[in-house]
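Enquirer: generate coordinates for the sequence data below:
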Amino acid sequence: MSRTLLLSGALIGVAALISAAWVGNGDLPTWGIAAGTDLDVSLVVICLSYLVPAGLTVIAAGASDERSAATVAAAGLAGIGLGVVVYVSVGFAFQSGGLGLVSDLRGAATLVSEWSPLDIAWGPGWGIIGLDGFFLMGSPVSAGLLRVILFQAVLAATAVCIPMLALARRLSFLALLGLGLAFSVLIYPIYANWVWGGGYLSRLGGTVGLGHGFVDYAGAGVVHALGAFFALAAIVAFGLKVERHGDVAEPPPVHFPLVAVLGAFLLLLGWFGLVLGDPVLSGNVSQERILFNVLLAACGGVLVSSLYAWFVTGRPDLLMVVRGMVASLVAVSACCPFVSGWGALIVGAVAGLVLPLSIYVFEAKLRLDDSASSLATHGISGLWGLIALGVLADGTSGAGWNGVGVSQYLGVEGQGVSGLLVSSGFQPDWPAQLYAQVVGAMALLVLGLGVPWLALTTVNSFNRRMARARSGSEIAGEESPGETWVSGSEDS
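Expert: Next comes the predicted model:
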C-alpha cells in the first residue's frame, strides 16, 4: 500500500510541475534554461502527454490487491522505459524511415528509405517499413525531428504498457520484458509506419481511391487496439484462464479507490496533451475542437458506464466508471478532429456502454485472464473509434489529410475527412472512408493478433516439448501451457 501511494505522490508532483508551466499570463518558467530562452509551449504539451502511460499504470495498480499492486506498477514503469528506449533505437527508423517522402517537416529530408515489396521506388504508395534513422545516427538530428521523436516515444511507451499491464500478474518479469521487446521492435513501429509514416494504409486514398486513406488521429488503433490485441494473442497462446463459479460476473473490487481516481485524472490531463502534441499534424486541425470533443466524449463514457453499473448492480461501480472514461478517450482519439461535438458525445457514450458488455463476454463467458480489462477498454473501444470515423466524420476538418483533396474534395472546396453524416454543404464520402477504416482495422488484427498468436503458440509449444524432454516423464507434458513463464494463477 505504502509503495503504491508513494508512486502516486511522485506522479502528482510531476503533474504539478507540468501544470505550473501555464500559470500566469502565458509566461513560462525557464527551469534553469539559459537566460533569454523561453520554453516552447508545444514542448510542455508533449511532456504533459507522458501522463497517459503514467495514468494507465496508476489505474492498473489501484485495481490490484496489495500483494500485486507493486508488481503491476513496476511492470508499467518498465514498459514506459522499454518503449522509449526501443523506439529511439530502432522503432523510429522502422516507423518514420520514409517520413521525408510524405512530409516537409524540417529535418525529415534525410528520411527517404521506405521499403515496399510492390514499389521499387522506396514504396511511397505501398510502403511497409522504414529503413532510415536507426539509433538516430547519421546527420545531426534537427530540433523539429527531436520534437517528433519525443512525442512518438510516448505513444510507443503507452502501447507497450497495455499488454505489460494486462499480463503483469500472470507472467514472470523476464517474460514480460521479452514480450514487450518483441512488440516494440516487430509490431508497433511497423503498424505505425503503415498509418503515420507514409505506409500503404495512409495512402489508400491515393492508390485505390478509399476516401482520405486510413485515418487514426491519436492512436485509437495504432496504440491502444494494437496493444490490447497483442495481449489477447499472449493470453490465448499461453492458455491464461480464470476460474469462476457460475455465469454471473461481479465487478472486480477497487483495492485502492483513491489511487484509481487519481490515475483517471492524470490520464485525462495527459490525454489533452496527447491529442495536441503531434508536431506533424497540429497545424491541420482545430485545437479547440479537439479539446472540446475529447472532453465531451470522456463525460459521455463516464455517465453511460456509471448508469449501466448502477442499473445492473444497484451502485455506481468505481472501477467501471474509471474504465468507462478510459474507453471513451481511446475511442474518440481516432476521430476527435473530424466529428462534431454531438458526434464525439455519441462516440464516448457508445464506448462507455460497450465496455461492460465486452468485459462480461471476455471474462465471464470466454474466461480470459485479462486482469486490466485491456481487451474491452483498449481493444474494442479502439476498433469502435476507427469505425465511427467512417460514419460520423462531418467533412469540416482535415482538408488534404494524407495528401488527398488538398484544394477540393468531392467537388467541394475545403472538404476534409468525411463519412456518412456530413455537415451541410459537404458531400458524404460513403462508403469509401468506411472501407478504408475497415481495411486498416483488419490489418491491425492480422499484425497485432494473428501474427503474434502464431509466433507465441509456436514458441510455447517448443517450450513444452523442451520441458518434457528435460523431465523425461509424462507428467511434465500435462502441466499448464507456458509453465516456464506463467508466474501463478489468480482468480479475479
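
Enquirer: give me the number of residues near residue 361?
Expert: Residue 361 has 15 neighbours, counted by other C-beta atoms under 10 Å. The C-beta positions use only the backbone N, C-alpha and C, and glycine is treated the same way.

Enquirer: how much space is there between it and residue 228?
Expert: Applying C-beta to C-beta, to the nearest Å, the value for residue 361 to residue 228 is 14 Å.

Enquirer: residue 69 now?
Expert: Here residue 69 is placed at a distance of 21 Å from residue 228 (C-beta to C-beta).

Enquirer: again, but for residue 381
Expert: Look at residue 381 and residue 228: by C-beta to C-beta, they are 9 Å apart.

Enquirer: those two: which is more packed in?
Expert: residue 381 (35 against 30).

Enquirer: is it true that the more buried one touches residue 349?
Expert: No. Between residue 381 and residue 349 there is no contact under C-beta atoms under 8 Å: 11.8 Å.

Enquirer: list the residues that are in contact with both of these two.
Expert: Listed as contacting both residue 381 and residue 349 by C-beta atoms under 8 Å, 6 or more residues apart in numbering are residue 328.

Enquirer: just the strands in the chain please.
Expert: Remark: strands assigned in the chain by DSSP state E are 114-115, 129-130, 408-409, 412-413.

Enquirer: how far does stretch 395-412 sit from its chain's centre?
Expert: Counting by C-alpha atoms, centre = their mean, to the nearest Å, stretch 395-412 is centred 26 Å from the centre of its parent chain.

Enquirer: repeat that for stretch 62-78.
Expert: 20 Å.

Enquirer: likewise stretch 82-99?
Expert: In terms of C-alpha atoms, centre = their mean, the centre of stretch 82-99 is set 16 Å apart from its chain centre.

Enquirer: over it, what's the mean pLDDT, rounded is fine.
Expert: For stretch 82-99, mean pLDDT is 95.

Enquirer: ditto for stretch 328-346
Expert: Throughout stretch 328-346, pLDDT has a mean value of 97.

Enquirer: chain center to it: distance?
Expert: The chain centroid and the centroid of stretch 328-346 are separated by 15 Å under C-alpha atoms, centre = their mean.

Enquirer: between the two ends of it, what distance do you get?
Expert: 10 Å (C-alpha to C-alpha, to the nearest Å).

Enquirer: tabulate the strands of the chain (CSV), appending mean pLDDT and mean neighbour count.
Expert: As requested, the strands of the chain are exported to CSV (pLDDT from 0 to 100; neighbours: other C-beta atoms under 10 Å):
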stretch, mean pLDDT, mean neighbour count
strand 114-115, 88, 24
strand 129-130, 94, 26
strand 408-409, 92, 18
strand 412-413, 94, 12
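
Enquirer: residue 106 touches residue 144, doesn't it?
Expert: Yes. Counting by C-beta under 8 Å, residue 106 does reach residue 144; the two are 4.2 Å apart.

Enquirer: low-confidence stretches in the stretch 51-200 of the chain?
Expert: 120-124 (pLDDT under 70).

Enquirer: turn the strands of the chain into CSV, columns for distance to residue 148.
Expert: Listed next are these as CSV, based on distance: least, C-beta to C-beta, whole Å:
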stretch, distance to residue 148
strand 114-115, 16
strand 129-130, 13
strand 408-409, 27
strand 412-413, 30
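
Enquirer: residue boundaries of the helices in the stretch 201-350 of the chain?
Expert: Remark: helices assigned in the stretch 201-350 of the chain by DSSP state H, counting those that start in this stretch are 204-207, 226-237, 257-276, 287-313, 318-333, 341-359.

Enquirer: show me what the first one is packed up against.
Expert: Judged by 3 or more C-beta pairs under 8 Å, 6 or more residues apart in numbering; DSSP states H and E, helix 204-207 is in contact with helix 432-445.

Enquirer: what packs against the helix it packs on?
Expert: If you count contacts as 3+ C-beta pairs under 8 Å, 6+ apart, helix 432-445 packs onto helix 188-196, helix 204-207, helix 226-237, helix 381-392.

Enquirer: closest one to residue 280 among those?
Expert: helix 188-196 (7.8 Å; C-beta to C-beta).

Enquirer: next, the angle helix 432-445 makes with the closest one.
Expert: Angle, helix 188-196 to helix 432-445, by axes from the mean of the first three to the mean of the last three C-alpha atoms, to 10 degrees: 170 degrees.
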